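S.K.: fold the following and give me the result.
(one chain, ligands or ions: 1)
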Amino acid sequence: MRSVIGEHYFSAEPSTPAARRQITFEVAGRGYRLSTAAGVFSADRLDAGTAVLLRKAPLPGPGTTGTLLDLGCGYGAIAAVLATRAPNATVYAVDVNTRALDLVRDNATALDIADRVVAATPDEVPADTLFAQIWSNPPIRVGKEELHALLRRWLPRLAPDGTAWLVVGRHLGADSLQEWLTERGWPAVRHASQKGFRVLSVRNPGDGSAGLAENP
Ligand SMILES: C[S@@+](CC[C@H](N)C(=O)[O-])C[C@H]1O[C@@H](n2cnc3c(N)ncnc32)[C@H](O)[C@@H]1O
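M.R.: Coordinates of the predicted model:
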């Protein structure tokens, strides 16, 4: 993960000049060209952890409907892949960094998926929206408390039969996060492991037993 001098990629409004650039990558045989900018996470290339997530987790397909979430979307690599793969789904791309959200909107327009990609800050997401899938390369560097708060906020918004797909570095606490989730009634399974990253799948137990909201 990278930070920029004097601030982090998760700054709400980066003060450095945007210095936009284009990056390219391939997922499931399709090429993507997206705009990124300084002050946004992994602006020079698709992040290695995100690449593992998009390679190892089962991507949605044309039959996927409902609303999906790219949590901590950055410039929107995951949202772009989800929305192009699942033309019948709506994708919320959520971040605290407003520069990142501007990039998501521009990238969605360039990919002709702007009608189904909603770039929003956390507070802009309607409170009653549930997600069929949550995808995230979560912000580990914000610290454990904030990370846990983020998951306590969004995992309860997984639809009853929904799944969250998370990628976390092995050295950044993937295994302890898996344990923390499972202990709170959100069974987290190691779906895959590659290049030092774990892909975790977290299912909503669907019986209201999960206690993320109550047990910090
Ligand atoms: C590890 S980066 C992943 C970015 C992007 N998904 C990617 O794969 O390139 C985590 C992102 O989470 C965002 N973030 C930090 N705190 C957040 C919060 N409370 N709610 C939503 N997003 C947050 C950061 O701004 C950053 O863009």
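S.K.: do you know the pLDDT at residue 15?
M.R.: Residue 15 is assigned a predicted lDDT (pLDDT) of 73.
S.K.: ditto for residue 204
M.R.: pLDDT, residue 204: 89.
S.K.: now it: how far from residue 27?
M.R.: 26 Å (Cβ to Cβ, to the nearest Å). The way it works is simple: take the backbone N, C-alpha and C, and place the C-beta from them, glycine included.
S.K.: compare these two (neighbour count), which wins?
M.R.: The residue with more neighbours, out of residue 204 and residue 27, is residue 204; 23 against 20, by other Cβ atoms under 10 Å.
S.K.: so residue 30 touches residue 84, yeah?
M.R.: Yes - the pair formed by residue 30 and residue 84 meets the contact definition of Cβ atoms under 8 Å, at 6.9 Å.
S.K.: quick one: which of the two has more around it?
M.R.: Per other Cβ under 10 Å, whichever of residue 30 and residue 84 has more neighbours is residue 84, with 20 against 10.
S.K.: sec struct for residue 74, please.
M.R.: Put simply, residue 74 is coil when judged by DSSP: H, G, I helix; E, B strand; the rest coil.
S.K.: now do the same for the closest residue to it other than its chain neighbours: helix, strand or coil?
M.R.: The shortest distance from residue 74 to any non-neighbouring residue, by Cβ to Cβ, 6 or more residues apart in numbering, is to residue 41 (4.3 Å). The three-state assignment at residue 41 reads coil, by three-state DSSP.
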